[in-house]
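Chemist: give me the fold of what follows.
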Amino acid sequence: MDSKERLAAAEEEARQRYVQVIEEIREGNRKFANDVRSGCGIVLEEFIDPDGEAVATLAEVEGDAGALALAMPLDMITLETWLLGQIGDSEEFDLERKGHKQLWYTLGAWIGETMRMRHGGHWLFAGEDPRGWRLGFSKIMLEVVPHLFAEQLLKMGPGSAKKLLAEVERIRVVHNEQKARDNGKEMDRFTPQHYVRMHTMPLGQWMVMDFKHLDEFWNKGPVKKLVDEIKTQGERLGPGNQQVVEKVVEALLKANQQKPLGEQTGDRGLFEAIAQIIALRRTTSPIAMDILESLVMPTIHIGLPEEFPELDEDDVSRLHKGLELFALFVDIVPHKYQAWDDGFLGSIPNEDLATPYRDKTKLEIGKGDWLIVNPKRFVEMLADYSPDALLERYDAFVKHVADDANAPRRRDDGRLLAETVARALAEVKACIDAAAVEGMVLMFRLLPPPG
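Modeler: Numbering: from 1, shown residues only. You can find the predicted model right below:
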């Protein structure tokens with residue numbers, strides 16, 4: 001069997017597995033709804049009805065626990081009693097028990113299918129464990145993990161029915177808010193490929209470091225002084241980061257407390273951890289590398305164009321094939337500022353790059369090494385930038401395309417992408433401006449895909 005045949009066989013096997021799992025989920029959905037109806041007389045479609053009594057009671061009511069319990073509708077109490085009753089005499093929910101596992105699986109299937117049928121979306125299966133299966137919505141960029149949520153509900157005990165209803169209602173409200181922003185229209189924007197890409201594409205992030213401050217503690221002051229600074233700065237990071245702070249302090253206590261740490265080690269991981277605790281001043285939100293390289297960085301070099309080139313046959317052909325309008329905008333508008341195509345991120349020359357590490361050896365950006373970037377060129381490029389200004393020029397481009405008699409008549413499907421890039425560029429500009437201050441350094445790093 002050659003490579004093409006093996007690929008075709010693998011694709012067919014994956015397709016059959018997908019069909020099988022989808023059918024199992026739908027059967028689980030039907031079973032859970034039927035079990036609830038026959039077991040406690042509740043019709044789940046009515047239970048989650050936004051105009052029903054149960055949803056109306058989700059608003060918080062002040063009062064003692066007894067009064068709040070009395071305020072709960074009978075259906076919510078009944079469903080929760082039934083759910084907990086299925087766990088039986090066991091002290092707690094246990095996936096190793098066959099009955100518990102079936103309850104969990106069918107509840108997760110019902111949660112996922114209910115949200116999919118109500119709002120539209122795509123199941124994504126990663127591995128054999130249903131706790132890793134996700135549902136990505138088609139109208140908003142949001143994922144839920146139905147079976148993981150089902151497990152949490154069954155383990156929490158009292159309050160599980162209200163938690164279930166509240167989450168279903170929250171997602172309905174989020175969809176309604178998007179519909180309002182779309183002027184009453186329901187627009188499918190996201191395909192399974194969008195969600196697959198979200199979990200496979202590495203992310204890029206810009207950071208601003210106060211290297212002058214870091215130098216005082218890493219290269220000049222004794223380790224004892226550095227430990228005190230880490231403890232002080234660690235308090236402002238909040239409880240969620242205390243474990244990291246404690247591990248760094250534990251590592252530092254093994255060093256000579258009277259000498260600077262920079263004289264004792266060049267460990268990159270330790271350097272990065274300490275820098276983030278005591279010297280980090282600003283960051284951008286992580287963004288997918290393909291978006292950063294193909295859209296964000298080119299948009300910086302385009303500037304704010306006053307006019308646009310006429311569409312040629314190739315441009316019109318790509319529009320007919322479905323190319324998003326913002327992607328066309330970035331592709332055909334000439335650069336106002338020079339970009340180094342062979343440089344870092346397809347735009348930054350090597351002379352503007354440096355290593356933050358003392359050892360000066362080879363950087364491995366793909367493995368997470370940091371890279372210093374000179375912000376000087378970007379200061380000029382982004383001097384007049386604002387998200388509103390970019391979106392105004394993009395809207396003018398959309399009109400420019402619509403006025404072309406050869407271009408296909410189609411809605412503006414690139415607005416969401418344009419807004420995403422506009423927000424990302426605003427964050428980049430904030431970092432650039434901060435890094436231009438004396439003692440500050442602009443840094444770039446690569447992060448692994450989320451999840």
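Chemist: ok, Q257 - contacts?
Modeler: Shown here is Q257, whose contacts under the criterion CB atoms under 8 Å, 6 or more residues apart in numbering are 222-224, 227. For glycine as for every other residue, the C-beta is placed from the backbone atoms N, C-alpha and C.
Chemist: from these, pick the one nearest L261.
Modeler: Checking these against L261 by CB to CB gives V223 as the nearest, at 5.2 Å.
Chemist: dump stretch 20-36 to PDB, keeping only the CA atoms.
Modeler: C-alpha atoms of stretch 20-36 as PDB (Å, rounded to 0.1, in the frame of the first residue of the first chain):
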ATOM      1  CA  GLN A  20     -20.000   6.300  15.000                       C
ATOM      2  CA  VAL A  21     -19.300   8.700  17.900                       C
ATOM      3  CA  ILE A  22     -21.800  11.200  16.600                       C
ATOM      4  CA  GLU A  23     -24.500   8.500  16.600                       C
ATOM      5  CA  GLU A  24     -23.500   7.400  20.100                       C
ATOM      6  CA  ILE A  25     -23.800  11.000  21.300                       C
ATOM      7  CA  ARG A  26     -27.200  11.400  19.800                       C
ATOM      8  CA  GLU A  27     -28.400   8.200  21.300                       C
ATOM      9  CA  GLY A  28     -27.000   9.300  24.700                       C
ATOM     10  CA  ASN A  29     -28.900  12.600  24.300                       C
ATOM     11  CA  ARG A  30     -32.200  10.800  23.600                       C
ATOM     12  CA  LYS A  31     -31.700   8.400  26.400                       C
ATOM     13  CA  PHE A  32     -31.000  11.100  29.000                       C
ATOM     14  CA  ALA A  33     -34.000  13.100  28.000                       C
ATOM     15  CA  ASN A  34     -36.200  10.000  28.000                       C
ATOM     16  CA  ASP A  35     -34.800   8.900  31.400                       C
ATOM     17  CA  VAL A  36     -35.600  12.300  32.900                       C
END
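Chemist: which positions in it come out as buried?
Modeler: 25, 28-29, 31-33, 35-36 (16 or more other CB atoms under 10 Å).
Chemist: repeat for stretch 104-122
Modeler: Counting neighbours by 16+ other CB under 10 Å, stretch 104-122 gives 104-116, 119, 121-122 as buried.
Chemist: that one - what's its average pLDDT?
Modeler: For stretch 104-122, mean pLDDT is 95.
Chemist: ok now that stretch, how far from the chain's centre?
Modeler: With CA atoms, centre = their mean, to the nearest Å as the basis, the distance from the averaged C-alpha position of stretch 104-122 to the chain average is 21 Å.
Chemist: mind listing the strands for the stretch 51-200 of the chain?
Modeler: All strands of the stretch 51-200 of the chain, identified by DSSP state E, counting those that start in this stretch, fall at 121-124, 134-137, 143-144.
Chemist: ignore what I typed, I meant the stretch 351-451 of the chain.
Modeler: Taking DSSP E, counting those that start in this stretch, the strands of the stretch 351-451 of the chain run over residues 353-354, 371-373, 440-447.
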